[in-house]
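# What would the 3D arrangement of this be:
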Amino acid sequence: MWFSFWRSRDRFSLDELRYLADQLQKVQIVNEVNKDFVIEALRSIAELLTYGDQHDSSFFEFFMEKQVMGEFIRVLNISKTVTVSLQLLQTISILIQNLKSEHAIYYMFSNEHVNYLITYSFDFRNEELLSYYISFLRAISGKLNKNTVSLLVKTQDEEVVSLPLYVEAIRFAFHEESMVRTAVRALTLNVYHAGDDFVNKFITGAPHSDYFSNLVSFFREQCINLSKLVSECPKNPCSESVSAIRATVDEIEDNLYYFSDVISAGIPVVGRLITDNILQLLILPLLFPALQIDADSNMKISAVTSLYLLCCILRIVKIKDLSNTIAAALLYPLEAFASNSEAKLNGYVSGNDWARENEEPDIDSVTPVNAGQLCLDIPNKASSSQVHPEDIITEKNFSRSHLPLRETLLSYVTDGDDVRVMGSLSVLATLLQTKELDESMLDVLGILPQRKKHKKLLLQALVGEGSGEEQLFSSESGFLRDGVSSELDGYLQKLKEQYGVPCSVAVGASPCIQRNRVLDALVNLLCRSNISAETLWDGGWLLRQLLPYNEAEFKSHHLKLLKDSYRNCTSVLLQETKGIWPDLLITVLCDEWKKCKRAIEASSPRKEPKCILLPFQKLNSEDIPAESSFAAGERMSELVKVFVLLHQLQIFSLGRPLPEQPPIHPPINIPEISRARAAGLDVSGPKPGTEIRLVHALPCRIAFERGKERHFCFLAVSMGTLGWVLLAEELPLKQHYGVVRVAAPLAGTNPRIDDKHSRWLHLRIRPSTLPFLDPPKSGTHGKMGIKTLVDGRWTLAFRDDESCNTALSMILEEINLQGSEVERRLKSVLDLEL
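The predicted model follows:
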């Protein structure tokens, strides 16, 4: 019989299908002897039926008439080898995936054969068998719609009592293999989107509704694991640690997108189940308490991870009830969530300070000090009337459990480190961008954009609603009047009754007062000198969103703080014209101007929430000395970013349009009386191989390799904002002319005559550009070779002391000319009229 199987025959014919079916019927047991034939027969039948579905309907009619599907089940039951099970699952998967005829699909699903295979007791200890089984289930789900799903259910009294496809699939929803989890989720989405009300009732009823709580519990464990990775990363800052965080972040965000896809199926009960479980299992007991718990406490999630997760949940899981409940919960103090928390709060809590939120903020409690720092008056601390913000972190320790969570976010902005500031700004920005959030909720949090408030009040005034006109022209306008706060009251009541938040909460300060607190926090942030420029830009974006108009929107003390901070920053920037990188200062400023303008005028924040966990990684200070030119370049770049932000905010506060480019003066021609002109240089500057006149050049010796001294003529020249130190080789046949062999940047040379050898001149030679300004050359930041960041050193030996001193004076004079030209071109930028 086995030899006849291989005889010549038209492969894609009904006769071939008939022959294979007949041969399969003759098989009484499947063992090692005949398994290859059975496997080949199953594979060939799938191929023929797929061909027939597209070319000849008689193929599938024969398949139905001879009940070949039943033969497949019989073969499975008599098989004693796993390879036949694998081929059978693959065969039916291929059939279901490739059949286009609705009639064929209905036949496949209308008998119990498919359900029998779904519930068959396969040995899933074989990973390959599990993979084929999951693919089989997913193939079935791909054909589901409102009509076909009814063929796979069992009903009783017009109620669905069984759906094996769904029930068996969710058994593997939390399998250790991510590919299995992904396939199961795709299957469940196909079930949810089938649109059958009876099926929806089945999956949202007990015990199958437990799937959604288990899903959130699984997600919660992933969040806890992420927090551990984030906490351990500073202790072991290697690429493996960062990769592990990125992989976990990707999986967490995939989970949230799955929640979003589930919700998009439009099953109301599912949305409520996901909302309830996210709040009860994750946000209320873990994320909110983590915001003020000490870093060394027993909390399973850190404050930074909590801020990131809140952002992701609000951005991705678009459920109105969830978003508004989170916003309403921010009005509660931490102590309200203590009973739900898995960590005990330490210390006695007084409610007195919480009551102070009803008071107007004391605008005199914040005063500017030197170099952009702020000193804050701390009540009841006579001996600590002025403390730097970084010291307040230790003082307050972020454990004031009586403060509302919205105040905690603002305390992070004013007092927190860079990561906490970034996280809090991200949460506020995410709330602002969440379309599902009611505007009245934004108003009570103090982050309703002024343009939205004016728009709504104007609309109310036009239609004659209540006191819309009165509020429109009132500085104390707000939405929380009369019945407008009913939605907020509803969410507060739900938190108390449904989610067990024990204490009631008063809305407290009016929206106007809360708005002023938010503005105070943002303005104070922009005056802090211990926060990165990238984070300050995020603060600038948020401030720009809240105040889109002009100076009239700012309080007087806000304007004073911003002006003082701007003047301090301008003073420091002016020093950079005499620093190590004046030749790049204008280039960096123009580049950052465009970036900053795009950033603060953008409709959404520049960065994704994951940046909270993975801030920009700079090289270790051990690798780069603080006195190196690279470190100075980074400081200069940071300073320029801060200056540009403060400058643009000043223009914005004055109600002026923001220009596309900063007002930089154009360059001037090379003066007739200058060393560059005397040397015969043109605007392109000197390059190795350029012929120059050796006027003002001084003979010297230098050794670039040990024991190999070379003779050169030394010259320092500047042309506008650029400058070089040159080593030229004298031309033997052309007197007083030479060829440039080495050209290095003039700025940052830091010339110094040797203490013991008065004819030796030491120079530091920095790179011509900064690596982070030229990514293609430097490669991925953080992976560049340390050697590219090390400054060079020249020691020039001159003929006598006079020549050495002349060379030193030449360098200092050209550096001064270069710095003066940079300052001249920046004059309009630095002299902004306030």
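
# just checking, what packs against the longest strand seen in the chain?
Counting residues, the longest strand found in the chain (DSSP state E) is strand 708-719. Contact analysis of strand 708-719 by 3 or more CB pairs under 8 Å, 6 or more residues apart in numbering; DSSP states H and E lists helix 675-678, strand 698-705, strand 722-730, strand 737-745, helix 801-830 as its packing neighbours. Using the backbone N, CA and C atoms, a C-beta is placed for each residue, glycine as well.

# let's see it at 6 Å
helix 675-678, strand 698-705, strand 722-730, helix 801-830 (3 or more CB pairs under 6 Å, 6 or more residues apart in numbering; DSSP states H and E).

# Not counting its own residues, what contacts it?
Contacts to strand 708-719, defined as CB atoms under 6 Å, 6 or more residues apart in numbering, come from residues 670, 675-676, 694, 697-701, 703, 724-728, 730, 738, 807, 810-811, 814, 817-818.

# which regions of this protein lie under the pLDDT threshold?
1-10, 293-298, 338-401, 450-485, 503-509, 548-553, 615-624, 626, 774-789, 833-834 (pLDDT under 70).

# List the buried residues in the longest strand of the chain.
Phe712, Cys713, Phe714, Leu715, Ala716, Val717, Ser718, Met719 (16 or more other CB atoms under 10 Å).

# Tabulate those residues (a markdown table), appending distance to Arg759.
Output for these, formatted as a markdown table (distance: CB to CB, whole Å):
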| residue | distance to Arg759 |
| --- | --- |
| Phe712 | 15 |
| Cys713 | 16 |
| Phe714 | 13 |
| Leu715 | 18 |
| Ala716 | 17 |
| Val717 | 22 |
| Ser718 | 25 |
| Met719 | 29 |
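
# starting at the chain centroid, how far to the longest strand of the chain?
49 Å (CA atoms, centre = their mean, to the nearest Å).

# Then stretch 728-737?
Distance, centroid of stretch 728-737 to centroid of chain: 59 Å (CA atoms, centre = their mean).

# Equivalent analysis for stretch 511-528, please.
With CA atoms, centre = their mean, you get 24 Å for stretch 511-528.

# residues of that stretch that come out buried?
511-528.

# now, which of those lie within helices?
511-526 (DSSP state H).

# Distance-wise, check Val822 relative to Ala747.
Noted for Val822: a distance of 9 Å to Ala747, by CB to CB, to the nearest Å.

# hey, what's in contact with both of the two?
Shared contacts of Val822 and Ala747, counting by CB under 6 Å, 6+ apart, come down to Pro582.

# higher neighbour count, the two?
Ala747 (27 against 24; other CB atoms under 10 Å).

# Ramachandran angles for that one?
phi -60, psi 140 (degrees, to the nearest 10).

# residues in contact with it?
Neighbours of Ala747 in contact, by CB under 6 Å, 6+ apart: Ile580, Pro582, Asp583.

# closest to Leu334 among those?
Distance to Leu334, by CB to CB, is smallest for Ile580 among those, at 47.1 Å.

# hang on, the closest one packs against Ser628?
No - the criterion here is CB atoms under 6 Å, and Ile580 misses it with Ser628 at 9.3 Å.

# The strand or helix carrying Val572 - contacts with which helices or strands?
Taking DSSP states H and E as the definition, one finds Val572 inside helix 556-576. Here helix 556-576 touches helix 629-653, going by 3+ CB pairs under 6 Å, 6+ apart.

# Show me what counts as buried in the helix it packs on.
Neighbour-count burial for helix 629-653 [16+ other CB under 10 Å]: 629-637, 639-650, 652-653.

# same deal with stretch 679-687?
Ala679, Leu681, Pro686.

# now swap in stretch 563-580 and tell me
563-570, 572-573, 576-577, 579-580.

# cool, stretch 250-259 as well?
Glu251, Ile252, Glu253, Asn255, Leu256, Tyr258, Phe259.

# what separates the closest residue to the fifth one other than its chain neighbours from Glu608, distance-wise?
By that I understand Leu256. Using CB to CB, 6 or more residues apart in numbering and skipping residues adjacent in sequence, the residue nearest Leu256 is Ile316, 4.1 Å away. Ile316 is 11 Å from Glu608, where distance means CB to CB.

# quick one, phi psi at Ile326?
Taking degrees, to the nearest 10 as the convention, Ile326 sits at phi -60, psi -50.

# for the one 4 residues further on, same thing?
Geometry field for Leu330 lists phi and psi as phi -70, psi -10, criterion degrees, to the nearest 10.

# I'd assumed Leu403 was in contact with it.
No - counting by CB under 6 Å, Leu330 sits too far from Leu403 to count as a contact (11.0 Å).

# Apart from its chain neighbours, what residue comes closest to Lys641?
Ala533 is the one closest to Lys641 (CB to CB, 6+ apart), at 3.4 Å.

# separation between the one you found and Leu442?
28 Å.

# Repeat that for Leu165.
43 Å.

# Give the next helix or strand downstream of whichever strand or helix holds His103.
Here His103 sits within helix 102-110, counting by DSSP H and E. Next along the chain after helix 102-110, taking DSSP H and E as the criterion, comes helix 113-119.
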